[in-house]
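> Just to be clear, the model below is a prediction. Sequence and coordinates:
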Amino acid sequence: MINHNLVYLTGLPVAGVNFISQVLGQHPDIYSNSLRSPLCDFLVNFRTLSSTHPFMINHLNQEFNLTVERSKSAMIGFINGWFEQISQPWIVDIHPQWLQHLELIHWLQPDCKMVICVRELGQLCGAIEQQHQKNLLLDFPDKLADLSRADRATQLFSPQGVVGSFLNSLEKLQDLDETLQQKKFYVVYEHLMSNPKEVLTELLHWLNLPPITPDCTKINTGLIPYTESFGKYVEEPYQVGKPLVYYTLPERFEVTIQQNFSWFYQIFYPGRL
């Protein structure tokens, strides 16, 4: 069994992942360093190696059930070893691709908890573009800087794009059975920014942890490293008592986004359709 209670934290870019990780880290029972974890990559690569390595294939051919159980034990052992020095009973583990691997997580840890951050897609697009305009010297990891704003948005929301690939996984997640649906907790960015205490109270109640009063003045959105944000996916600074920044987009941008991802709005922003 896994020795710690893991909170698998994931979400859209600039949708509050960094914010919620720091707020959770203020709880005395939770460890959260707000850094993207390699754990997801290790587990997925281990599964790939287990399925393709010739020696593993020999074991699977001869002792399939035993080999699968040994592989499962090895994965769990790695998780326990990775977090062995952490004293808090709860740990926040951040990775954008956790969403794709909920079934694997549940197989390893049946009582798993996944927190998913979402944001209104037009405002998310505006936030990324605004950050890009502040850092025109830097390119996106997938070379989008030379594109027009319309073409850049199209690439971001494409099935291979940073936003589109996550949305594709999120849509498919809706097809999983009810047992797995209960393992998810959605954090809506607008709700988080307008009332972080209420969101944190609801989240901690879902985790069966006592509530705390977060100190939002200690939230540092600049903590996210360049290698994780590329200077483009940085969350806006949180300002206590200040309204959300509203980004004005061309109407055709907003219409196209809402038409292409109507399922997303039906679930999270039904009043926008």
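Arrived safely, thanks for sending. Numbers count the residues shown, from 1 in each chain.

> how close does residue 254 sit to residue 261?
Relative to residue 261, residue 254 is positioned 11 Å away (C-beta to C-beta, to the nearest Å). To be clear about C-beta, it is placed using only N, CA and C from the backbone, and glycine gets the same treatment.

> can you give me the helices for the stretch 1-150 of the chain?
With DSSP state H, counting those that start in this stretch applied, the stretch 1-150 of the chain shows helices at 17-24, 39-52, 54-62, 64-82, 102-108, 121-134, 149-156, listed in chain order.

> what's residue 147 in contact with, if anything?
The contact partners of residue 147, taken as C-beta atoms under 8 Å, 6 or more residues apart in numbering, are residue 155.

> May I have the predicted confidence score for it?
We note a pLDDT of 96 for residue 147 in this prediction.

> Going forward, count from 747.
Will do, 747 is the new start, and the previous item becomes residue 893.

> Quickly list what residue 930 is bridged to.
Beta-bridge partners for residue 930, by DSSP bridges, are residue 860.

> okay, now it: neighbour count?
Neighbours of residue 930 under the rule other C-beta atoms under 10 Å: 19.

> and if you look at residue 1014?
With other C-beta under 10 Å as criterion, residue 1014 counts 18.

> for residue 898, same thing?
Residue 898: 19 neighbours (other C-beta under 10 Å).

> Repeat that for residue 938.
22.

> Can you tell me what sits against the strand or helix carrying it?
Assigned by DSSP states H and E, residue 938 belongs to helix 935-940. Residues outside helix 935-940 that contact it (C-beta under 8 Å, 6+ apart): 761-762, 765-766, 863-866, 870, 944-945, 984, 990.

> Now with 6 Å, please.
761, 762, 865, 945, 990 (C-beta atoms under 6 Å, 6 or more residues apart in numbering).
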